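Peer 1: Generate a structure from the sequence data that follows.
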Amino acid sequence: MLTKLINLFKSNKDDLILLAGIILIALASFGLGRLTAPNPPTEPITIEKIK
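Peer 2: I've put the predicted structure just below:
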């Protein structure tokens, strides 16, 4: 069972490295986007009814 799993990883090594790279780039992009987003306003927005 374990040898089959190891052989599966060995035979698909290039694809797994590519997949890991894509996931890491996606996570880094998301994190950088969160860091550069403007801060939320400090005062809450209030809606007043006009008569």
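Peer 1: Go ahead and measure how far stretch 8-15 is from the middle of the chain.
Peer 2: Taking C-alpha atoms, centre = their mean, to the nearest Å, one finds stretch 8-15 lying 23 Å from the centre of the chain it belongs to.
Peer 1: go on, stretch 35-44?
Peer 2: 21 Å.
Peer 1: What's the mean pLDDT across that stretch?
Peer 2: The average pLDDT for stretch 35-44 rounds to 77.
Peer 1: And stretch 3-21, by the same measure?
Peer 2: Across stretch 3-21, the per-residue pLDDT values average to 95.
Peer 1: Tell me the span between the first and last residue of that stretch.
Peer 2: For stretch 3-21, the separation between the terminal residues is 25 Å (C-alpha to C-alpha, to the nearest Å).
Peer 1: Check stretch 2-19 too.
Peer 2: End-to-end span of stretch 2-19 (C-alpha to C-alpha): 22 Å.
Peer 1: Now find how far off-centre whichever strand or helix holds I17 is within its chain.
Peer 2: With elements taken from DSSP states H and E, the one containing I17 is helix 13-36. Distance of helix 13-36 from the chain centroid (C-alpha atoms, centre = their mean) equals 7 Å.
Peer 1: ok, and what's touching that helix?
Peer 2: When contacts are taken as C-beta atoms under 8 Å, 6 or more residues apart in numbering, the neighbours of helix 13-36 outside the stretch itself are F9. The C-beta positions use only the backbone N, C-alpha and C, and glycine is treated the same way.
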